[in-house]
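> what's the 3D shape of this:
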Amino acid sequence: MSGGQTVASGTAASGLCVSNLNGLLLSVQYRTNRQVTPGGSLEQPKVVGISVKDEGEDKLPESTIKREAYFVEFAGAVRAVARMPVMVTGGFRTASGMVEALAGEELDLIGIGRPLIADPSIARRLIAGEVEKAPTPEATLEVFHLLPWFYMQIERMGDGMEPDLTLSGQAAAEQFMQLETTYMARLLERRGADQVGTR
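Predicted coordinates for the structure are as follows:
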């Protein structure tokens, strides 16, 4: 990559390439000696502990399980060359795990995604020491119900309601499909009207 820097990150076959301009991080490429970076993307099942067996993996790496978060080692490599604070989101669930990660100086900030959707006050409660562990609703959901369940909780909060933790994955999937069908119909109707108006 033009203008990039390479940083060793654990093995000879691993590397981090950071492209920057005037200290601003523009893009990051990460390559390892495995086909898939541990953890996958935030939209892949691997992020919540589900792997595709034909990839040769059937569970998360032990280092990820031990450290909770999915990208801490990667963040450490980024932090070594970045000129701004580095934030990691993905996997953190316990206050002790977050404190340990921050103490390791591989990251500066911790983001909470799914737990915040299930409990909008969880960040404050973790910091205040009221709870040790954030909620993990994904643990009880089927893989194809994950995104619909969280999307429907966001829809509820957008309407001024509290999350419904009793919502089943199947019900969430059905609600989500109905909602998306309605949105798509409105979008197509609007586009049709726009095309008529430009003729």
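
> can you give me the helices in the protein?
Ranges of helices within the chain are 62-67, 72-79, 95-103, 114-118, 122-127, 146-158, 169-197, based on DSSP state H.

> which of these sits most buried?
Of the helices of the chain, the one with the most neighbours on average (mean count of other CB atoms under 10 Å) is helix 72-79, at a mean of 21. All C-beta atoms are positioned from the backbone trio N, CA, C, and that covers glycine.

> tilt between that helix and helix 95-103?
If you take axes from the mean of the first three to the mean of the last three CA atoms, to 10 degrees, helix 72-79 sits at 30 degrees to helix 95-103.

> Show me what helix 72-79 is packed up against.
Judged by 3 or more CB pairs under 8 Å, 6 or more residues apart in numbering; DSSP states H and E, the packing partners of helix 72-79 are strand 15-21, strand 24-31, strand 87-89.

> if we can go back for a sec, wait, which of the helices of the chain is closest to Pro135?
Closest approach to Pro135 among the helices of the chain (CB to CB): helix 114-118, 4.3 Å.

> per-domain residue ranges of this protein.
Domain assignment for the chain by automatic domain parsing gives 38-140, 141-193.

> Present those domains as TSV; the columns should include mean pLDDT.
Putting these into TSV (pLDDT from 0 to 100) gives the following:
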stretch	mean pLDDT
domain 38-140	78
domain 141-193	94
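
> Can you list phi and psi of Phe71 for me?
Main-chain dihedrals, Phe71, degrees, to the nearest 10: phi -130, psi 30.

> Could you report the neighbour count for the closest residue to it other than its chain neighbours?
Leaving aside its sequence neighbours, Phe71 sits nearest to Val88 (CB to CB, 6 or more residues apart in numbering; 5.4 Å). Residue neighbour count, defined by other CB atoms under 10 Å, stands at 24 for Val88.

> Quick check: beta-bridge partners of Val88?
Beta-bridge partners for Val88, by DSSP bridges, are Ile110.

> got the contact list for it?
By CB atoms under 8 Å, 6 or more residues apart in numbering, the contact set of Val88 is Ala69, Phe71, Val72, Ala75, Ala101, Leu107, Leu109, Ile110, Gly111.

> cutoff 7 Å now
For Val88, the contact set (CB atoms under 7 Å, 6 or more residues apart in numbering) comprises Ala69, Phe71, Val72, Ala75, Leu107, Ile110, Gly111.

> Quick check: it vs Ile154, distance?
22 Å (CB to CB, to the nearest Å).

> one step back: switch the helices of the chain over to CSV; also include distance to Thr140.
What follows is these, written out as CSV (distance: least, CB to CB, whole Å):
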stretch, distance to Thr140
helix 62-67, 19
helix 72-79, 26
helix 95-103, 21
helix 114-118, 11
helix 122-127, 17
helix 146-158, 10
helix 169-197, 8
